[in-house]
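Asks: Okay, here's the prediction I keep looking at, along with the sequence it came from:
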Amino acid sequence: MKTAIILVSESSLPLAKTLKAELLSGPRAAEPFPPAAQAPCREEPAAPQRQRASFDDEVIICSKAEIPGCEAIGPYAPFLKEHWQEFGAVVFIGALGICVRSIAPALQNKYTDPAVVCIDSTGKFVIPVVSGHVGGSNDLARRIASIIGGEAVVTTQSDNEGLWALDTLGREFGWQTDATRAQIQKAVIAFVGRRPTALLLEVKDRGTAFLENNLPSHVKCFKNRENLDFSTFELLIAVTPRLLPDLPESVSVLAFRPPVLHLGAGCRKQCNPDGIPEYIESKILEAGFSPKSIASVGTVELKKDEPLMAALCEHWPQAAFSVRPAEELEAVEVPNPSEKAFEATGTHGVAEAAAILDADAGPLLIEKQKCRLSEGNDFTFALAQDAVSLQGGHIEIVGAGPGDPELVSVRGKRFLEEADLILYAGSLVPIELTHYAKPGCVVRSSASLDLEEQFALMKEFYDRGLLVVRLHTGDPCIYGAIQEQMAFFDRYEMSYHITPGISAFQAAAAALRSQFTIPEKVQTIILTRGEGRTPMPEKEQLHKLAQSQSTMCIYLSAAIVEEVQAELLQAYPPETPVAACYKLTWKEERIYRGELRDLAKIVRENNLTLTTLLVVGEAIGNREGFSRLYAHDFKHLFRK
């Protein structure tokens with residue numbers, strides 16, 4: 001949808017042009033609250049609500065007066081009333097009073113009104129006027145303020161008190177809600193009024209981690225409803241796929257439905273879908289789960305074009321459609337295998353296997369149900385919960401970066417702050433990173449532990465439902481020796497994930513002030529190592545890789561530098577620039593430059609051993625060659 005920038009004075013035209021250019025060329029704005037996430041429940045009729053595109057699909061500059069470069073629109077109020085529904089955002093540059101009087105006749109409600117922002121003529125203040133959360137004007141005001149160097153004057157109470165914006169929480173984290181608009185408003189009033197609030201988190205995801213780490217003083221968090229005495233609270237905020245019990249009228253409820261349920265389905269050929277989605281939904285509700293949490297609908301490849309599958313996807317438009325080959329489904333052990341299904345599809349279980357696979361081996365909540373609503377129209381379904389969403393133990397393999405504690409990722413730092421056990425790689429990871437640990441966290445070095453001891457320690461904490469951070473140097477996936485650990489986690493079906501880190505080759509490029517790719521000359525970076533105790537594959541020996549004349553970053557090879565130099569000289573000229581980078585970004589960092597013919601001498605004379613990265617190639621220190629990216633005639637998505 002369009003954004004209208006409305007000028008009161010011609011003197012604001014340069015400011016308007018800057019805004020238009022930046023809104024069109026910058027990253028796309030997030031969509032305001034999608035209708036599905038705020039669908040009213042049965043007792044409240046749905047008010048008109050439009051699907052909005054981002055604010056920056058099209059930007060027009062307009063004014064009441066005839067101004068060159070502007071669209072003349074005549075009096076503001078009649079124009080806005082006539083075209084109100086065409087705009088995703090309206091930005092006034094002028095007095096706030098003029099803005100308010102101009103939009104007043106067009107205002108309807110915060111669910112359908114566009115975002116309205118007013119900027120004073122000097123660009124000093126940026127004020128969200130209406131639709132702060134749901135319409136997105138608070139975020140738009142902040143974005144505009146960052147573009148023009150102004151100050152966003154946000155007056156919404158929850159923003160100013162650092163409280164969660166309950167009316168947009170679902171949009172931010174991809175949750176739906178059962179609540180009506182009236183129920184949401186009632187919850188917001190109680191929440192910003194700091195009434196006693198219970199937060200029930202029966203799943204875990206990015207959103208629940210945010211809530212748990214940013215608890216206001218009047219909110220108490222629970223992971224299990226059995227431990228919650230509802231009568232002691234005036235507001236319940238729940239993030240759960242499970243239905244909630246009937247609560248006293250004195251308790252306001254706001255339930256968010258995270259996308260963690262996976263529906264598997266199978267059917268007879270050309271099964272008539274009439275009434276089946278509604279029937280399945282009723283059974284899911286009977287089992288105590290919310291259909292709004294359905295994240296995917298899965299089946300076997302043979303059934304992907306069946307009318308029933310189309311009907312299920314239409315009934316749950318938020319769900320992804322997952323199709324898997326019969327061989328993949330057959331590899332899954334299911335509780336209710338069927339020979340008849342195997343004869344027809346090549347797998348003993350369609351519904352259960354599809355649900356389990358889509359749930360990443362999560363538990364079945366509803367085992368296979370064999371159903372028939374009319375003669376000849378047999379179908380099956382099963383429901384599973386996403387394994388990653390389950391409350392319980394988790395292992396996060398975190399990349400610490402090359403050395404400087406400030407180079408750990410924001411995500412990695414958050415895990416370090418939340419961890420119950422941090423197992424870090426001894427002398428390879430700076431001890432300062434473990435200082436992010438919360439009180440009570442156990443911090444251990446893996447240097448003195450063999451693999452079995454490391455596994456035993458991590459599993460002990462995991463089995464207690466705790467968070468384990470395995471902290472590796474650099475990026476764990478590059479010479480991080482994590483494969484054996486992942487095999488162990490897989491064997492015991494443990495939940496784990498990898499947070500990447502900055503690798504030494506990236507730190508080397510920064511320290512050397514070098515772009516490792518030269519336009520039209522070097523477009524490849526090779527990360528490799530010399531042949532030490534671990535043999536190199538024949539096709540990856542250094543002298544063969546060197547034939548490409550790429551920028552080569554060689555790990556773990558300072559001890560065999562003579563052999564490395566000899567192999568490289570078979571392809572690179574002797575005068576090729578090299579750098580020996582010791583303990584990159586650590587306080588002890590040392591970098592030695594030279595030519596390839598002297599590489600071994602540089603390493604030996606400076607006693608460089610472990611944690612040394614060798615860099616070879618013309619890109620070191622190069623300042624020649626120009627990218628076409630910034631050429632005037634180069635067009636791309638954000639440059640027309």
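Replies: Perfect, I can see it now.
Asks: Output the lowest mean pLDDT helix or strand found in the protein.
Replies: In the chain, no helix or strand scores lower on mean pLDDT, DSSP states H and E than helix 157-160, which sits at a mean of 76.
Asks: Could you check the helix or strand just after it and say which residues are buried?
Replies: Downstream of helix 157-160, the first helix or strand assigned by DSSP states H and E is helix 169-173. Under the neighbour-count criterion of 16 or more other C-beta atoms under 10 Å, helix 169-173 has 169-171, 173 buried. For every residue, glycine as well, the C-beta is placed using N, CA and C.
Asks: Give me the below-cutoff pLDDT ranges for the chain.
Replies: Scanning the chain for pLDDT under 70 picks out 26-56, 624-640.
Asks: Can you give the domain ranges for it?
Replies: For the chain, automatic domain parsing gives the domain ranges 2-155, 169-257, 261-389, 394-502, 505-616.
Asks: End to end on the shortest one, go ahead and measure it.
Replies: End-to-end distance of domain 169-257: 11 Å, with C-alpha to C-alpha, to the nearest Å as the criterion.
Asks: same thing with the longest one?
Replies: Taking C-alpha to C-alpha, the span from the opening residue of domain 2-155 to its closing residue is 25 Å.
Asks: about what we covered before: pull out the buried positions in the least confident helix or strand of the chain.
Replies: Residues of helix 157-160 classed as buried: 158-159 (neighbour count, 16+ other C-beta under 10 Å).
Asks: chain center to it: distance?
Replies: Chain-centre distance of helix 157-160: 25 Å, with C-alpha atoms, centre = their mean, to the nearest Å.
Asks: what packs against it?
Replies: For helix 157-160, the packing partners by 3 or more C-beta pairs under 8 Å, 6 or more residues apart in numbering; DSSP states H and E come out as helix 181-192.
Asks: Counting by contacts, list what the helix it packs on packs against.
Replies: Helix 181-192 is packed against helix 157-160, strand 235-239, strand 252-257, with contacts defined by 3+ C-beta pairs under 8 Å, 6+ apart.
Asks: CA-only coordinates of that helix in CSV, if you can.
Replies: Provided in CSV are the C-alpha atoms of helix 181-192 (Å, rounded to 0.1, in the frame of the first residue of the first chain):
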residue,chain,number,x,y,z
ARG,A,181,-10.5,-7.0,20.5
ALA,A,182,-12.4,-6.2,23.7
GLN,A,183,-10.5,-9.0,25.5
ILE,A,184,-7.1,-7.7,24.2
GLN,A,185,-8.0,-4.1,25.3
LYS,A,186,-9.1,-5.4,28.8
ALA,A,187,-5.8,-7.2,29.1
VAL,A,188,-3.8,-4.2,28.0
ILE,A,189,-5.5,-2.0,30.6
ALA,A,190,-4.8,-4.5,33.4
PHE,A,191,-1.2,-5.0,32.3
VAL,A,192,-0.2,-1.4,32.0
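Asks: Residues contacting whichever helix or strand comes after that helix, please?
Replies: Sequence-wise, the next helix or strand downstream of helix 181-192 (DSSP H and E) is strand 197-201. Strand 197-201 has contacts (C-beta atoms under 8 Å, 6 or more residues apart in numbering) with 190-191, 208, 211-212, 215-216, 218-223, 225, 228, 230, 232-240, 391.
Asks: now the domains of the chain as a markdown table including distance to E161?
Replies: Shown next, in a markdown table, are the domains of the chain (distance: least, C-beta to C-beta, whole Å):
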| stretch | distance to E161 |
| --- | --- |
| domain 2-155 | 11 |
| domain 169-257 | 7 |
| domain 261-389 | 29 |
| domain 394-502 | 23 |
| domain 505-616 | 39 |
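Asks: Out of these, which gets nearest to L163?
Replies: domain 169-257 (5.8 Å; C-beta to C-beta).
Asks: Next, find the distance separating the nearest residue to L614 once chain neighbours are set aside from V616.
Replies: Nearest non-adjacent residue to L614, counting by C-beta to C-beta, 6 or more residues apart in numbering: I554, 4.2 Å away. According to C-beta to C-beta, to the nearest Å, I554 and V616 sit 7 Å apart.
Asks: And A437, its phi and psi?
Replies: Backbone torsions of A437, given as degrees, to the nearest 10, read phi -60, psi 140.
Asks: I'd like to know how far it sits from Q485.
Replies: Counting by C-beta to C-beta, the gap from A437 to Q485 is 20 Å.
Asks: what's the answer for A115, then?
Replies: 47 Å.
Asks: phi, psi of the residue sitting nearest the centre point of the chain?
Replies: Centroid-nearest residue in the chain, with C-alpha atoms, centre = their mean: R206, separated by 7.7 Å. Geometry field for R206 lists phi and psi as phi -60, psi -40, criterion degrees, to the nearest 10.
Asks: measure the residue lying closest to it once chain neighbours are set aside to L211 for me?
Replies: Nearest non-adjacent residue to R206, counting by C-beta to C-beta, 6+ apart: F173, 6.3 Å away. Distance from F173 to L211, counting by C-beta to C-beta: 9 Å.
Asks: same question, G88
Replies: Remark: distance between G88 and L211 (C-beta to C-beta) = 28 Å.
Asks: And for P277?
Replies: Separation of P277 from L211 (C-beta to C-beta): 32 Å.
Asks: So A579 sits against Y592, correct?
Replies: Yes - A579 is in contact with Y592 according to C-beta atoms under 8 Å; the separation is 6.9 Å.
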